[in-house]
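1. Following is a predicted model, sequence given first.
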Amino acid sequence: MSGLQAKLRAPLAAQADCAEVLAGAWSAVSAADLARRPVAVAGRGAVPFGELCDLSGAADGTLRFVGDWSQAARLGAGLTEGSVVVEGDVGNEVGVGMAGGSIEVRGNAGDRAGAAAPEARRGMTGGELVVHGTVGREAGALMRRGLLVAGGAVGDHAGVGMIAGTIIAFGAFGAAAGLWSKRGSLVALGDVAIPTTYRYACTYQPVHLRLLLSRIKARYGMPAEGRHLTGFYRRYSGDLAELGKGEILAWTA
Amino acid sequence: MNIRGVFIEETFAEAFTMRVARVIVTARSPRWAREAALKLTGFATSVIGCKVEAGVERELPEAETPDGRPGISILLMTMGKDDLPKRLIERIGQTVLTCPTTACFDGLPAAPDRLGVGSALRFFGDGFQSSKVIGGERFWRIPVMEGEFVVQEKFGMVKGVGGGNFLILARTADAALAAAEAAVDAMHGHPGTILPFPGGVVRSGSKVGSRRIKSMIASTNDAFCPTLRAITASALPETVNSVLEIVINGTDAEAIADAMRLGIGAACTDGVVSISAGNYGGKLGPHHFHLRKIMGGAA
């Protein structure tokens, strides 16, 4: 396989903050240089990324994480470029504040995926964060732009305070999805509880979802089926306690 | 050169560089895609009077459209690059936005020149419009009474060629028309080309300027009018009583030449005396389509 690969040497015993690994420009960085980037391991402090994993391959803008990275937090924080694939699970805050590029997680993701970093006013401002499995709480919190996709269920408070952007869930949304959203779009292909501050608008067939769902099926292999592309969606406008230009598009049949 | 008894004249069609956009219109059914395309390409035969030349390139199956619905590919062409965005905005705004179930996409995604079309049309949404970036391209969702109109923000523009042509010189009007219809059928759907005139055929070929009115930029091509044979410097043989022209525009000269080859080949039918072409002596247009060179393989 071309591109870089980061293969974990041993399961992470403690949480590792990987925010610096893919910060700034990285797609042309060699495996050796990437190995020198710091990772903050709980109880140990900063250690070189290369101490945790074997880095191999040649830089071409892609990076594949192999192994159990479920203790890796803030992976792809602020990502601006390139394509990242995590073969298994990943920890909390994957893709927080990412602005470009793509992160594909083939397992599950923890809390606050694509959300805003604690010090930031905005979550994702661009790019695509696609999780094949489930996603934890507060996914896409304060998201400004970009696309967040969950193949499974999404935890409570997804898209809380969204400014804009899109979250698609093939599984169920947890409680209070889209609360305080200004212009964000939540696309519910599974169950969703509509917050009381959203109001039903109509049932229709959104053409743009055909584009969106076709793309994530073609590029990431997400299970978008004909019934999703051609189906009817109930549109709810909200959050009416905020700007009210957001929406929940709930697939019906 | 003769093809099935039809003389191919030693002449050439003279064509011009134009700016081209390819618009993909999709709809819930082929019927509504066609309805939108019909209006979008209406009154767009010649830049002389219509400001734009347009036509249907081909119908697209669901598998070839961005949203997986039936579609139609349309080429719109102008002489100047500043004209094209204006024509796209006014025509898509009046004919596609208004047509039930349609959406409108760029058909030249690789073109480096990008024209803001959806970015202008979005204002019809009066602040209720929204957009989505999908695969790096922005699409506008404009709320309309039926639901939503989706239009791509930017459309590609490339240099193309306008004014490829050939003339069918026939013994009778019926023979000219039958040959023209055969030619149009043969060229129909040829990728990268359109036939902007009614049914693909022109009966009123023009010459540059006017003998009498200085301000006119075009007037009847009297040399090819059978009724004027006795009183003008006619280019028509005695046996010719009707002439029809096929005008071909395209994304590139090769596409036009290929279409001309198909069309001329099909037009060589009973009652046709010769095939000629319109030019201005080769001094105005940079693209010259020499009939015999084009038909070299079919002689």
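-> Happy to help now that I have it. Numbers count the residues shown, from 1 in each chain, chains lettered A, B, ... in the order given.
2. residues contacting the closest residue to residue A:42 other than its chain neighbours?
-> Leaving aside its chain neighbours, residue A:42 sits nearest to residue A:14 (4.0 Å; criterion: Cβ to Cβ, 6 or more residues apart in numbering or on different chains). C-beta coordinates here come from the backbone N, C-alpha and C atoms, glycine included. Each residue near residue A:14 by Cβ atoms under 8 Å, 6 or more residues apart in numbering or on different chains is listed here: A:41-44, A:71.
3. For residue A:14, pull up the helix or strand it's in.
-> Assigned by DSSP states H and E, residue A:14 falls within no helix or strand.
4. Can you classify residue 21 by secondary structure?
-> By default, I'm working from chain A. coil (DSSP: H, G, I helix; E, B strand; the rest coil).
5. Pull up the gap between it and chain B, please.
-> Note on residue A:21: its distance to chain B, by Cβ to the nearest Cβ, to the nearest Å, is 24 Å.
6. Repeat that for residue A:232.
-> Distance from residue A:232 to chain B, by Cβ to the nearest Cβ: 11 Å.
7. So what's the residue count around that residue?
-> When neighbours are counted by other Cβ atoms under 10 Å in any protein chain shown, residue A:232 registers 15.
8. My read is that it contacts residue A:250, right?
-> No: shown here, residue A:232 and residue A:250 do not form a contact pair, counting by Cβ atoms under 8 Å, at 9.7 Å.
9. Quickly list the domain ranges of chain A.
-> Under the assignment automatic domain parsing, the domains of chain A span A:8-60, A:74-251.
10. who in the stretch 151-253 of chain A is up against chain B?
-> A:166, A:183, A:185, A:202, A:204-208, A:210-212, A:214-215, A:219, A:229, A:245 (Cβ under 8 Å from any Cβ of the partner chain).
11. Which members of the residues you listed are positioned in helices?
-> Secondary structure assignment by DSSP state H places A:207-208, A:210-212, A:214-215, A:219, A:229 of these in helices.
12. returning to that earlier point: where does the residue nearest to residue A:42 fall, phi/psi-wise?
-> Main-chain dihedrals, residue A:14, degrees, to the nearest 10: phi -140, psi 170.
13. And the helices in the chain?
-> Went with chain A since none was named. Using DSSP H, helices in chain A cover A:31-35, A:49-52, A:207-220, A:226-230.
14. meant chain B actually
-> Assigned by DSSP H, the helices in chain B fall at B:30-40, B:47-50, B:83-91, B:118-121, B:173-187, B:253-267, B:291-294.
15. Return the set of buried residues in the second one.
-> By neighbour count, with 16 or more other Cβ atoms under 10 Å in any protein chain shown as the criterion, the buried positions of helix B:47-50 are residue B:47.
16. Quick check: mean pLDDT of that helix?
-> Per-residue pLDDT over helix B:47-50 has a mean of 92.
17. Relative to residue A:99, which of the helices of chain B is closest?
-> Closest approach to residue A:99 among the helices of chain B (Cβ to Cβ): helix B:118-121, 21.6 Å.
18. Please say whether there is contact between the closest one and chain A.
-> No: using Cβ under 8 Å from any Cβ, helix B:118-121 never reaches chain A; the gap is at least 11.7 Å.
19. got the buried residues for that helix?
-> For helix B:118-121, by 16+ other Cβ under 10 Å, it's B:118-121.
20. farthest pair in the ones in helices among the residues of the stretch 151-253 of chain A next to chain B?
-> So, these by Cβ to Cβ: farthest apart are A:207 and A:219, at 19.2 Å.
21. Specify which residue of these two has the higher count of neighbours.
-> The neighbour comparison of residue A:207 against residue A:219 (other Cβ under 10 Å) goes to residue A:207, with 25 against 14.
22. In this structure the more buried one contacts residue B:152, no?
-> No: look at residue A:207 against residue B:152 with Cβ under 8 Å: they stay out of range, at 11.6 Å.
23. will you turn the domains of chain A into JSON lines that also has distance to residue B:249 and mean pLDDT?
-> Formatted as JSON lines, these follow (distance: least, Cβ to Cβ, whole Å; pLDDT from 0 to 100):
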{"stretch": "domain A:8-60", "distance to residue B:249": "42", "mean pLDDT": "95"}
{"stretch": "domain A:74-251", "distance to residue B:249": "29", "mean pLDDT": "97"}
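24. and residue B:98, which of these is closest to it?
-> domain A:74-251 (15.7 Å).
25. Buried among the ones in helices among the residues of the stretch 151-253 of chain A next to chain B? Make that a ChimeraX selection.
-> Buried residues within those, by 16+ other Cβ under 10 Å, are selected in ChimeraX with:
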select /A:207,208,210,211,212,214,215,229
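26. From the ones in helices among the residues of the stretch 151-253 of chain A next to chain B, pick the one nearest residue B:136.
-> residue A:215 (10.1 Å).
27. pretty sure that closest one contacts residue B:136?
-> No: using Cβ under 8 Å as the test, residue A:215 is too far from residue B:136 to be in contact (10.1 Å).
28. how about residue 244, what does it touch?
-> Chain wasn't specified; assuming chain A. So residue A:244 contacts A:237-238 (Cβ under 8 Å, 6+ apart).
29. my bad, the chain I had in mind was chain B
-> The contact partners of residue B:244, by Cβ under 8 Å, 6+ apart, come to B:167-168, B:170, B:176-177, B:179-180, B:201-203.
30. one more time with 6 Å, if that's ok
-> With contact set as Cβ atoms under 6 Å, 6 or more residues apart in numbering or on different chains, residue B:244 has these partners: B:168, B:176, B:180, B:201, B:203.
31. Give me the mean pLDDT for the longest strand seen in chain B.
-> Using DSSP state E, we find that the single longest strand of chain B is strand B:154-170. Averaged across strand B:154-170, pLDDT comes to 97.
32. Just the angle for it relative to helix B:83-91, thanks.
-> Interaxial angle, strand B:154-170 versus helix B:83-91 (axes from the mean of the first three to the mean of the last three Cα atoms, to 10 degrees): 90 degrees.
33. For strand B:154-170, buried residues please.
-> Buried-residue list, strand B:154-170, by 16+ other Cβ under 10 Å: B:154-158, B:160-170.
34. Show me the two of the residues you listed that sit farthest apart.
-> Longest span within the buried residues of strand B:154-170, Cβ to Cβ: B:154 and B:170, 45.7 Å.
35. what ranges do the strands span in the stretch 151-253 of chain A?
-> A:166-169, A:185-188, A:199-204, A:233-238, A:246-251 (DSSP state E, counting those that start in this stretch).
36. Other residues contacting the last one?
-> By Cβ under 6 Å, 6+ apart, the surrounding residues in contact with strand A:246-251 are A:178, A:181-189, A:192, A:198, A:231, A:233-238.
37. Restrict it to CA atoms and write it as PDB.
-> Extracted in PDB, the C-alpha atoms of strand A:246-251 (Å, rounded to 0.1, in the frame of the first residue of the first chain):
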ATOM      1  CA  GLY A 246     -31.000  24.600  10.900                       C
ATOM      2  CA  GLU A 247     -32.800  21.400  10.000                       C
ATOM      3  CA  ILE A 248     -33.300  17.800  10.900                       C
ATOM      4  CA  LEU A 249     -34.100  15.700   7.900                       C
ATOM      5  CA  ALA A 250     -35.600  12.500   9.200                       C
ATOM      6  CA  TRP A 251     -35.800   9.700   6.700                       C
END
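38. In the sheet, which strands lie alongside that strand, parallel or antiparallel?
-> strand A:185-188 (parallel), strand A:233-238 (antiparallel) (DSSP bridges).
39. Make a markdown table from these and add mean neighbour count to it.
-> Output for these, formatted as a markdown table (neighbours: other Cβ atoms under 10 Å in any protein chain shown):
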| stretch | mean neighbour count |
| --- | --- |
| strand A:185-188 | 27 |
| strand A:233-238 | 21 |
